[in-house]
Structures are given as C-alpha cells and as structure tokens.
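> sequence first, then the predicted structure:
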Amino acid sequence: MVALIRSFAPDALRDSTRPLLDWLETTGCSRAALHFDAVDSNKIVLGLGIEPHGLTGAEVRRIVADIDRATDVVGSTIAAFVSRQVMHLQGILYGFPLLSGRTRVVTAWCPAGWCRP
C-alpha cells in the first residue's frame, strides 16, 4: 500500500496527537519518518521562516512519543537549520574588500536574490 504524505498544522496537534494517529492507522504503515518545521519561533527559529505559535518543545516531544508508541520511527528531520539572518548577512558581506575571495555564499540554500546582490 502506498500512503500519501500528509502534513498537519500546529493547531491540529497542539492538544492531541489523535488526528495524526488516526491518519497513520488508515495508511496501514508500520514505519514512519517525521519532519518538523513548525516549531514555535518565539523560542527558536528553524528553517527559512518564522512560525509564530508553532509547536512548543513539549508538544513536539509528546507527538514523537505518541507516534513512537504507535509505529516504528525510522527517521526524522527538522527544517534546514539555516538562519535567515545568516543568509542575509552573507548577502551583505558578499564582495566586501577585506573578505573578497575568502567569503563563500552557500547558494544552494539561498533562494534567488536573497544572498547575492
């Protein structure tokens, strides 16, 4: 059976993991890989954007524990930890005389126009 990937908004899982567990049960999957990118940006900024009122650390731990009890967790990821501030700073520093030739902008992680003038 092929299960379609499903995402859940933070508010859908804030109080209970039940919606996710119900969906997981309908797939018949015995293994799961988890990806988090909606962690509360009032605490930490992950990925390429700010997610105010995302999941708290305690909510993430509860969700993972609930899923782990329901299935085998075989992998997990967290949104690419590349701070927007670092990317913008790289863009500002690009071409500075004292850094020219020594500064490398990681263009693979920089959407068009963000890192280079």
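Ah, there it is.
> run through the helices of this protein in chain order.
10-13, 18-27, 57-70, 84-93 (DSSP state H).
> low-confidence ranges, this protein, go.
1-3, 37-38, 44-49, 78-85, 95, 97-117 (pLDDT under 70).
> apply 80 and report the result again.
Counting by pLDDT under 80, the chain has low-confidence residues at 1-4, 35-52, 57, 77-117.
> one step back: just send the helices of the chain back as TSV, with mean neighbour count and distance to Ser41 too.
For the C-beta atoms, the positions are set from N, CA and C on the backbone; glycine is no exception. Output for the helices of the chain, formatted as TSV (neighbours: other Cβ atoms under 10 Å; distance: least, Cβ to Cβ, whole Å):
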stretch	mean neighbour count	distance to Ser41
helix 10-13	16	11
helix 18-27	14	21
helix 57-70	14	13
helix 84-93	14	11
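> a markdown table please, covering those and showing distance to His35.
Shown next, in a markdown table, are these (distance: least, Cβ to Cβ, whole Å):
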| stretch | distance to His35 |
| --- | --- |
| helix 10-13 | 13 |
| helix 18-27 | 12 |
| helix 57-70 | 12 |
| helix 84-93 | 19 |
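> out of those, nearest to Leu34?
Minimum separation from Leu34 across these (Cβ to Cβ) falls at helix 57-70, 6.6 Å.
> counting by contacts, list what that closest one packs against.
helix 10-13, helix 18-27, strand 31-36, strand 72-78 (3 or more Cβ pairs under 8 Å, 6 or more residues apart in numbering; DSSP states H and E).
> ok, back up a step: for the helices of the chain, which one sits closest to Lys43?
Across the helices of the chain, closest to Lys43 is helix 57-70 (Cβ to Cβ), at 6.9 Å.
> neighbours of Val39, how many?
Using other Cβ atoms under 10 Å, Val39 is surrounded by 21 other residues.
> in CSV, list the helices and strands packed on helix 57-70 along with distance to Val86.
CSV is the format used below for the helices and strands packed on helix 57-70 (distance: least, Cβ to Cβ, whole Å):
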stretch, distance to Val86
helix 10-13, 24
helix 18-27, 32
strand 31-36, 20
strand 72-78, 16
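> so which of those is nearest Asp66?
helix 18-27 (6.3 Å).
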